[in-house]
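> give me a 3D structure for the following:
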Amino acid sequence: MQCPTCQNTDSRVLESRSADTGKSVRRRRECLNCGFRFTTYERVETMPISVIKKDGSRELFNKEKLITGISRACEKTTFSRDEIINFVDAIESQITQDSNKDIKSSLIGELILKGLRKENEVAYIRYASVYRKFNGVKDFVSTLESLKGNSKNELASIL
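Numbering: from 1, shown residues only. From the prediction side, this is the model:
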């Protein structure tokens, strides 16, 4: 590691510790030439993920977009901000484990729906209504039926 003051490449590690909740290693170093102490971080290098949109265009994966969309679906539910971030981290982890660095936006949407279905039914319905572009009550009813497994007649009597 090159010293920031004298540019010497010989240094020794004084201390190492985990940083960013285990995603990187923080190291305190001392230059063997001038004695200057400095901090370095070691992280796993990741390849950027491209999202292929429905129209065929590509853009880089943006975690903040997922957090924003899921936060809207989870407004006024019991789903906390920390739970949303952990949920998005899990989705991101699933995406990055795939060796293919190009992923369709539809696959990301389905992963989100699958996770929300298990976590929070209200957020699932809200997200599905936007993601699947519901046009009316029939779309809501069919989604509610699949969610609860109720027959159409039972659901119609409830509504």
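> quick check: mean pLDDT of the longest helix anywhere in the chain?
When the chain is parsed with DSSP state H, its longest helix is helix 81-97. The average pLDDT for helix 81-97 rounds to 85.
> also stretch 103-118?
Stretch 103-118 carries an average pLDDT of 85.
> now stretch 129-144
What stretch 129-144 shows for mean pLDDT is 67.
> domains of the chain?
Domain assignment of the chain by automatic domain parsing yields the ranges 11-43, 50-158.
> of all those, which lies closest to C3?
Smallest distance to C3 across the domains of the chain (C-beta to C-beta): 3.9 Å, for domain 11-43. No exception for glycine: its C-beta is placed from N, CA and C like everyone else's.
> the helices in the protein, which residues?
Using DSSP H, the helices of the chain run over residues 63-73, 81-97, 105-119, 121-131, 137-148, 152-158.
> export those helices as a markdown table, with columns for distance to Q2 and mean neighbour count.
Shown next, in a markdown table, are the helices of the chain (distance: least, C-beta to C-beta, whole Å; neighbours: other C-beta atoms under 10 Å):
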| stretch | distance to Q2 | mean neighbour count |
| --- | --- | --- |
| helix 63-73 | 31 | 16 |
| helix 81-97 | 30 | 14 |
| helix 105-119 | 39 | 16 |
| helix 121-131 | 48 | 18 |
| helix 137-148 | 57 | 13 |
| helix 152-158 | 67 | 11 |
